[in-house]
Each structure stands twice: as C-alpha cells, then as structure tokens.
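Enquirer: what's the 3D shape of this:
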Amino acid sequence: MNDTSGLRRRTLAKAGLGAAAAAPLLAACGGGDEGGDSGPVTLKLWSDKAGMADAIAAFNEAHDVDDVQIEYVEVPAAEMVNQVNQAVEAGDADGAPDLFQSDNRNGAELLAQQQVVDIGAMLEPHAEALDPSAIAGLTIGDIVYGVPNMRNPHFVMVWQPAFDEAGLAVPTTWEEVVETGRELKQDGRHIFNFAGEDPSTWMNMAWQAGARWYQIDGEAWRIEIDSEPSRYAAEIVQQLFDDELVEKISYADYAAMMQEYDQGNIVLRQTSTWQLAGHQANMSATLGQWALAPNLGIMGAEPVSAGDTAGLMVTSLSEHPERAVEAAVWLCTNEAAVSIMAAPDTGSGWYPAVGDTEPYLDAVVPSELLGENAEGAVPVILESAVFAEGWIYGPNSTSMYEELADQWGKAMAGDIEFVDILPHMQEWTVNDLKDRGISVAE
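Expert: Sure thing, here's the model as predicted:
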C-alpha cells in the first residue's frame, strides 16, 4: 500500500472531518508504491472521447518506451462508472485502469465509494499550468480527485433573423427569455427546447441563481435542494411551459431537433463549445445565419457559467499513482494534446482547462454556421468563461441525478409542477444518504 493513506489522513485533518462523517469523502489508497519508481511503466487509460487516442499517441511519441507509455482502452461514458466500480471492486490491478475520463458529478460518487485517490499533493507541483477554477471543480473539501481537462462555459446560440424580423433584442437573462418567447410565439416560433430526459439546464439555472444543493457542514452533509434559487428557476421553467414557448424534443431524436433549429422553429439554445460542430454539420438552410451571444443571467445576478468539469481520475488500484498524475497533466496541458482535443475535427471541440485558453478557441468556432458573425465568437466564449463557484456534488450524486431526471420527466409530461420536484428531491436525497450510513446535517 502506498503513502496515499497518509495523504488521506492529512486531508481529513485539514478538512476537519471525523472518520464516520468523512466516509463519503475518503479516497482509497493505491495498490503499489508511491509512484516515484524508475523503470518502464505502462499506464492504462479509459475514455471514449474523440481525439483521446490521438492525444495518447502524441504522448507515447514524446516519451521513451523505457520510461512511460499509455495504453488506450475505449469505454463508453455511459458505462464508465459501472465499469470502474466493477474493476476496482474485483481487486485486480491488471483489469482496472490507472486513469479514466469522468466528470465531477460521477467523480464525487466514485470518490465516496473509494474508487479514486486524492491527488492533491501530486498535482500541486503542476497546478500552475491549469485553470485554478477547473481544479476547484474537481475538489471536495480539500480533496482533489481529478486532473481537469474540459470545462463548460455557457453562452447562447441564436438564429439572428428571427430576432431581426420581429424587431427584438436577443435576451440577456432567463427572465427576458420568457418575455421574448411570448413575442416570438406570435411568429410561430419557439424560443428554446427542453429534453424530457435531461434536467441539467434547470439544475444549472438553479446553480447560476446561487443554489448549492450539497454542502459540507462540519462532519456531515447539508442538503439544500429545496431552496429559494431552485424555486425561482423552477418558476421560470414553468412559465415557459405554461405559455407554450418551448419545444420538448428528446436529445435521442437529435436529427429531429436539428431540423427544428434549421427551420427556424427553435431560435435560441444555451450551449458550449463541444456542441457547436454538431449544429454546423446538421444544418443547411440556416447556415451562416446564427450568432453567439453572452450567457443568460438570472435573479438579477451577473451571468456566470454553471456547468460540470471533466478530467482524468486515478483509480485506487493504480500501482503508479504519481506517474499517472504526471501523465494526466501532460495530456491536459501539452499544446499538441490540448489542440487535438479542442479541435472539433480531430477531437471533441471542448473548452480546455488550461490557464490560457485563447490560443485554442479559433478552432472551436463553426465559421460556416456563424457566417459573418464568426468574427465575434471568440470574445463571447471568453466572456462566458466565468464560472459559478462553490458547487459540489455529494456521495450519492449519480443516484440523485437519476431520481431528478425521473421527476423532471413527470413535470415535462404535466403530471406535477416543476417546483414540486424540489421538496421531493430534498427528502429523497436526505433519506438516501442516511440509508447509506452517511451523516446529514438537519
């Protein structure tokens, strides 16, 4: 067993958490030595992100085969949590990855289940190359559980002719989305689309408005899902549905959704860089007529982006955690690797988690989609890269989100009001944590 056990104890001491209450925050120790060993090492990395295989090939070319190499294994994102759990619980280091791609929602639960290690001390010497707020996005208390490589700055994409023809300004707040949507309805247009299986836009609205659903309170978790900001966001969504201002197309019906955008039937989408290439590739009639605009504010606050952070995490069975962190840092900060992942043609078109992102942003701009509006795209993206702080997910975050999605579907169908989701989720989340033996602050 390596010295990450000591690291865990130090982290808990800094966080002021007792062993019982801190159980959801513990990260299990790795299976080998501290990782400073010499000699050839092959690290296994699981991901399904476009470009990752090429980024790893660049890593392997830049590193001596007698030093460190990475073996890439494609694992679908939808199966990642279960496969990591199964591999680690089997106790077979050969069958588990050293590194895998995930995000803060799933990573928080894997941390609670002791599937990943605290890498804070190992990451610290390399932290200057990364965006500090991205590291914070993969941190709970004082525990850092991932090397960030992708962020979600939110901005809006608008079909400009709809606003020009109606003599309307592009909305700058969610409140204005409702008002503008009522005007555009007279022209037979919908201002937005919500998918019945995905409550993330609403959750992010609450996050933007100041809600913090999970918080650490001493030696326990405090749950504040049923809060004023969450209710405010629910009321806005309810207005959009009651007034029939939005469409309800599933993301599973991607082609149908793209067609509605391309026909000008849906005229605004809150989006991020990784989604832009899909719009460009699936539109024809409206190419060159779209524009990017700053993110939407809510509750009178300045607009901030509320979106998950993704990165590379080290499993608790890795025999070389320190070298795994070093490899992850290279993949997340090296200019060649970051360029591969940021470009939509070679990679995933994502917004990198490095300190200086501007050199990579021209590649994510869909010039055919935006036409003459492309010139102003990079400043909008940069302006939108101000992130809401203080949001963390708890030790049952994956299960919580599944229950939230179920309730969201009921509200979309009109069976319940959107605001009714909140007391249900408050009670459900508290009870689920208690059922897992995790302390909850009342």
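Enquirer: Taking the centroid of this structure, which residue is nearest it?
Expert: Geometric centre of the chain, nearest residue: Asp308, 2.3 Å, by CA atoms, centre = their mean.
Enquirer: What is the neighbour count of the nearest residue in space to it that is not next to it in sequence?
Expert: What sits nearest to Asp308 in space, not counting adjacent residues and going by CB to CB, 6 or more residues apart in numbering, is Asp103, at 4.6 Å. (Each C-beta comes from the backbone N, C-alpha and C, glycine too.) By other CB atoms under 10 Å, 22 other residues sit near Asp103.
Enquirer: Show me what Asp103 is bridged to.
Expert: Ala310 (DSSP bridges).
Enquirer: Could I get the contacting residues of it?
Expert: Asp103 sits next to 308-311 when contact means CB atoms under 8 Å, 6 or more residues apart in numbering.
Enquirer: Mind doing that once more with 7 Å?
Expert: Asp103 makes contact with 308-310, according to CB atoms under 7 Å, 6 or more residues apart in numbering.
Enquirer: swap in Ser348?
Expert: 49-51, 274, 341.
Enquirer: circling back to that earlier point, same list (the contacts of Asp103) but as TSV, adding distance to Pro423 and pLDDT.
Expert: Below are these laid out as TSV (distance: CB to CB, whole Å; pLDDT from 0 to 100):
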residue	distance to Pro423	pLDDT
Asp308	25	94
Thr309	29	97
Ala310	31	97
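Enquirer: Ile223 versus the closest residue to Thr271 other than its chain neighbours, what's the distance?
Expert: Nearest residue to Thr271, sequence neighbours excluded (CB to CB, 6+ apart): Met157, at 5.1 Å. Distance of Met157 to Ile223, computed by CB to CB, to the nearest Å: 34 Å.
Enquirer: Which residue of the two possesses the greater neighbour count?
Expert: Ile223 (26 against 23).
Enquirer: Look up phi and psi at the more buried one.
Expert: Main-chain torsions, Ile223, degrees, to the nearest 10: phi -110, psi 120.
Enquirer: And it, how close does it get to Ala285?
Expert: Here the criterion is CB to CB. By it, Ile223 lies 47 Å from Ala285.
Enquirer: those helices in the stretch 251-400 of the chain, which residues are they?
Expert: For the stretch 251-400 of the chain, applying DSSP state H, counting those that start in this stretch gives helices covering 254-262, 273-281, 321-333, 335-342, 358-361, 367-370, 377-384, 397-412.
Enquirer: Deepest in the core, which of these is it.
Expert: Greatest average neighbour count among these goes to helix 321-333 (a mean of 24), per mean count of other CB atoms under 10 Å.
Enquirer: which other helices and strands contact that helix?
Expert: Identification of packing neighbours for helix 321-333 by 3 or more CB pairs under 7 Å, 6 or more residues apart in numbering; DSSP states H and E yields strand 41-47, helix 52-62, strand 68-74, strand 99-103, helix 120-123, strand 147-150, strand 310-314.
Enquirer: okay, those in JSON lines with distance to Gly371 next?
Expert: What follows is the helices and strands packed on helix 321-333, written out as JSON lines (distance: least, CB to CB, whole Å):
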{"stretch": "strand 41-47", "distance to Gly371": "34"}
{"stretch": "helix 52-62", "distance to Gly371": "30"}
{"stretch": "strand 68-74", "distance to Gly371": "36"}
{"stretch": "strand 99-103", "distance to Gly371": "33"}
{"stretch": "helix 120-123", "distance to Gly371": "42"}
{"stretch": "strand 147-150", "distance to Gly371": "27"}
{"stretch": "strand 310-314", "distance to Gly371": "30"}
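Enquirer: between the ones you listed, which gets nearest to Asp432?
Expert: strand 99-103 (20.4 Å; CB to CB).
Enquirer: Now do the closest one, average pLDDT.
Expert: Strand 99-103 carries an average pLDDT of 97.
Enquirer: now the angle from it to strand 41-47?
Expert: Put simply, strand 99-103 runs at 30 degrees to strand 41-47, going by axes from the mean of the first three to the mean of the last three CA atoms, to 10 degrees.
Enquirer: Can you give the distance of strand 99-103 from its chain's centre?
Expert: Here strand 99-103 is found 12 Å from its chain centre; the criterion is CA atoms, centre = their mean, to the nearest Å.
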